[in-house]
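Novice: need coordinates for the following:
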Amino acid sequence: MSIEIPIPNWAKTIKTIKTVYFGFDGTLAEDGKLIGGVENKLRELASLVDIYVLTADTFGTAKDVLSSLPVNVVTLDHCNTQRQKSESISTPSSSSVAIGRGLNDVLMLEKVTLGIVVQTAEGVHPKALMRADLISNSIHEAIDLLLNPKRLVSGCRI
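Specialist: You can find the predicted model right below:
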């Protein structure tokens, strides 16, 4: 399972995506509830890549909300989640994508080859913006970039 990335002359060496890492609160969910329409997008994406959701689970809902989806949920301690998210990335970073928006997503976005920041109702931390390769207007659009990888070309090619 993988997604082929057709980005010519990109400075980073990514040819295939095998794993996608997501933050939960503020990225896939608002106020602990999955953002509408995300469930179907995650199912579609999971047919192509492995999905991990890395979360400190602010609202305590992540495992229940995601239990019916083909994703791996990694619950982190509330202390130093930025470091824990980075350390949870076990696949080679050259075949990994991260999608997040908070301060605790910064190292995760930095560690992978393609980091996407999403703008949501819960805001975006400026340090996350600085580490992103791309910024997307919504989680739906961010996932669609991966489902339709030619969309990545105009944003990432040199």
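Novice: got the end-to-end distance for stretch 80-99?
Specialist: Distance between the boundary residues of stretch 80-99 (Cα to Cα, to the nearest Å) amounts to 18 Å.
Novice: doesn't Leu69 belong to a helix?
Specialist: No - Leu69 is assigned coil when assessed by DSSP: H, G, I helix; E, B strand; the rest coil, not a helix.
Novice: chain neighbours aside, what residue packs nearest to it?
Specialist: In this structure, Leu69 finds its nearest non-sequential neighbour in Leu42, 5.4 Å apart by Cβ to Cβ, 6 or more residues apart in numbering. Heads up, the C-betas are built off the backbone N, CA and C, glycines and all.
Novice: got the phi/psi numbers for that neighbour?
Specialist: Note on Leu42: backbone dihedrals following degrees, to the nearest 10 are phi -70, psi -40.
Novice: so it touches Asn72, yeah?
Specialist: No - in this structure Leu42 lies outside contact range of Asn72 using Cβ atoms under 8 Å: 11.6 Å.
Novice: on that earlier part again, for the residue nearest to Leu69, give me its contacts.
Specialist: Leu28, Ile51, Leu69, Pro70, Val71, Ile143 (Cβ atoms under 8 Å, 6 or more residues apart in numbering).
Novice: now the buried members of the residues you listed.
Specialist: Among these, the ones that count as buried by 16 or more other Cβ atoms under 10 Å are Leu28, Ile51, Leu69, Val71, Ile143.
Novice: wait, the fourth one touches Val49, no?
Specialist: No - here Val71 does not reach Val49: they are 10.5 Å apart, not a contact under Cβ under 8 Å.
Novice: for Val49, list the residues it contacts.
Specialist: Met1, Ser2, Ile3, Ile17, Lys18, Thr19, Val20, Leu146.
Novice: and the end-to-end length of stretch 85-100?
Specialist: End-to-end distance for stretch 85-100, by Cα to Cα: 11 Å.
Novice: residues making contact with that stretch?
Specialist: So stretch 85-100 is contacted by 2, 13-14, 16-23, 27, 50, 52, 54, 74, 76, 104-105, 107-118, 128, 139, 142-143, 146 (Cβ under 8 Å, 6+ apart).
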